[in-house]
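Novice: Got a predicted structure plus its sequence, pasted below:
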2 protein chains.
Amino acid sequence: MHSLQFTGIDRGSAVPLYYQIQQTLLGDIRTGSLKPGEPVPSEQEISARLRVSRMTARQALKSLCDMGVVFSERGKGTFVSPLKLERNLRQVISFTEEMRGRGFHPSSTFLSLESILPGREVFTALGISPKEKVFRLKRVRNADSIPMGIECSYLPAHLYPDLRAKFDPAGSLYRTLADHYGVHIHIAEEVAEASLVDARQGRLLHVKPGSPIFIFARTSYDRSGRAVEYVRSVYRGDRYKIVNRLTQHHSRHAGKGRP
Amino acid sequence: MHSLQFTGIDRGSAVPLYYQIQQTLLGDIRTGSLKPGEPVPSEQEISARLRVSRMTARQALKSLCDMGVVFSERGKGTFVSPLKLERNLRQVISFTEEMRGRGFHPSSTFLSLESILPGREVFTALGISPKEKVFRLKRVRNADSIPMGIECSYLPAHLYPDLRAKFDPAGSLYRTLADHYGVHIHIAEEVAEASLVDARQGRLLHVKPGSPIFIFARTSYDRSGRAVEYVRSVYRGDRYKIVNRLTQHHSRHAGKGRP
DNA sequence: GAGTGGTCTAGACCACTTT
DNA sequence: AAGTGGTCTAGACCACTCG
């Protein structure tokens, strides 16, 4: 029933078959060839038309399901998810990417980069010794040249030798960490509070003391769970919103095909 | 190398094998038999010891991986994730559950339940006609009898016939929706703002006007993407924090086992 | 070289939904 | 009855990591 481009499957490629199928379907969904609520090709149809095993077809659909792009209903089929969970309100990690995704031009005002001994809050968050030095990077974050927030990043010094020479004050910190140190942030835990701006923060953010602000405390980890960054930041309440997707614990199973 | 309780596998049960294995390992991790950073049994070991196919063992490990409880490294093994991403800072949907998870005793002060015509904000969020009636439920939410926030829920009337008779003002709204109407919230989108409390809100929340607050706007959807609830709420900034886990887009694949 | 996870196959039985 | 997704099997080859 589907006449989609299933011609792009290259069995000689190093790209896994299920991933090629996933990308093909993702393309059809993004371009609108497959519309929200419509069924995507069934596991068996993919299997037959592309001459792949049903498990491979299933893996492709499962990955789209995990991404929230489609959802499956037993006995009925698999359908394009009506929610535009595309990008932008996806949990993001880089201020730069986040602002670009929202259509703003991001920039930073560099304040300072120092090597210091961490306070209690910092060394406990990073899980390091109080005697271990950290870099403290302070920046004001702007969107379209309007100050949005103040960020103070703490980075364990032993992870980033010679950071002062390698960090470009105008560039992305995360790009520096990835390119020069092979450090990739995999997951972060963030606590947000609502508070009021004080005099010093007000001057940097161009708002009156007593205005509403978000206060964030974020710890970032790499794949193996090592803390690679701790960030304290303050964002203007009048210009910044937090967008979240809340999901039900998706740990349940469905039923059984066997007595 | 592992001497864990792998005896609980019941092939006659209606519970899928992979799910039994997942739960067994989850138990070992929760009790501390498997500690953060330690390897969990390999796919082949599970396969051999439990006499299941490797794909089934793999499915169990994959599900734990998706939950963030373990992580896999190619050629090395699968290890318990060092982060205690257990519960509580998991994205939650029910105030009742959330507070219980944080160790508080939740309660509600019922304010009103009315059937009204929705305003623009409400009918656009719910994706319904302006002429379609909605229930408006107002409650003050307490933790250990201290007011934490004010919630105003809007519910499409046609989804919940006879809600007034079926809703217990002291009970959980989500339980009512699930038990009486078979409505299960699958996903929600929430926007949080930082603001200042006004006089009316201050009286209900027992704080001075001008104190910091969170303002939430949340739309909840069921599995098929139908909006089943819109909630406007206000929470005290001095007593409430938002805890989030941010993840990198996990849509990449790993490599290939074939040229 | 032995062990690991990543991918893939070609079947199978089941429960569920729709026709 | 036919089609769907959910589960499961018993194999296979590969790339990667480590000793």
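Specialist: Everything's here; your move. Numbers count the residues shown, from 1 in each chain, chains lettered A, B, ... in the order given.
Novice: so where's chain A uncertain?
Specialist: A:1-8, A:83-93, A:247-259 (pLDDT under 70).
Novice: what about 50?
Specialist: Where chain A drops to pLDDT under 50, the residues are A:1-3, A:85-90, A:250-259.
Novice: Now do the strands in it.
Specialist: With DSSP state E, the ranges of strands along chain A come out as A:70-73, A:77-80, A:106-116, A:134-143, A:146-156, A:187-196, A:212-221, A:227-236, A:242-247.
Novice: what about the fifth one, near chain B?
Specialist: Okay, so that is strand A:146-156. No - between strand A:146-156 and chain B, judged by C-beta under 8 Å from any C-beta of the partner chain, nothing touches; the nearest distance is 11.4 Å. Quick note: C-beta positions are derived from backbone N, CA and C, even for glycine.
Novice: what's the answer for the first one, then?
Specialist: Yes - applying C-beta under 8 Å from any C-beta, one finds that strand A:70-73 is in contact with chain B at A:71, A:73.
Novice: Centre of the chain to that strand, how far?
Specialist: Its chain's C-alpha centre and that of strand A:70-73 lie 23 Å apart, by C-alpha atoms, centre = their mean, to the nearest Å.
Novice: now do the second one
Specialist: The offset between the C-alpha centroid of strand A:77-80 and the centroid of the whole chain comes to 26 Å, using C-alpha atoms, centre = their mean.
Novice: just to revisit the earlier point, who wins for proximity to residue A:43 among the strands of chain A?
Specialist: Residue A:43 lies closest, by C-beta to C-beta, to one member of the strands of chain A: strand A:77-80, at 7.9 Å.
Novice: and that closest one, what does it pack onto?
Specialist: In terms of contacts (3 or more C-beta pairs under 8 Å, 6 or more residues apart in numbering or on different chains; DSSP states H and E), strand A:77-80 is packed against strand A:70-73.
Novice: Any buried residues in the strand it packs on, and which?
Specialist: Neighbour counts over strand A:70-73 (16 or more other C-beta atoms under 10 Å in any protein chain shown) mark A:70, A:71, A:72 as buried.
Novice: Next up, the contacts around the last one.
Specialist: Under the criterion of C-beta atoms under 8 Å, 6 or more residues apart in numbering or on different chains, the contact partners of residue A:72 comprise A:61, A:65, A:78, A:79.
Novice: again, 7 Å this time
Specialist: Shown in contact with residue A:72 (C-beta atoms under 7 Å, 6 or more residues apart in numbering or on different chains): A:61, A:65, A:78.
Novice: so which of those is the most crowded?
Specialist: Taking other C-beta atoms under 10 Å in any protein chain shown as the neighbour criterion, residue A:61 ranks highest of those with 22 neighbours.
Novice: Quickly list what the residue nearest to that residue when sequence neighbours are not counted is bridged to.
Specialist: Nearest non-adjacent residue to residue A:61, counting by C-beta to C-beta, 6 or more residues apart in numbering or on different chains: residue A:78, 5.5 Å away. For residue A:78, the beta-bridge partners are residue A:72 (DSSP bridges).
Novice: Pretty sure residue A:78 sits against residue A:41.
Specialist: No - here residue A:78 does not reach residue A:41: they are 8.3 Å apart, not a contact under C-beta atoms under 7 Å.
Novice: what residues are up against residue A:154?
Specialist: A:118, A:122, A:126, A:134, A:136, A:230.
Novice: and if we set it to 6 Å?
Specialist: By C-beta atoms under 6 Å, 6 or more residues apart in numbering or on different chains, residue A:154 lies in contact with A:122, A:134, A:136, A:230.
Novice: filter those to the buried ones?
Specialist: Neighbour counting with 16+ other C-beta under 10 Å marks A:122, A:134, A:136, A:230 as buried within those.
Novice: Done for today, thanks.
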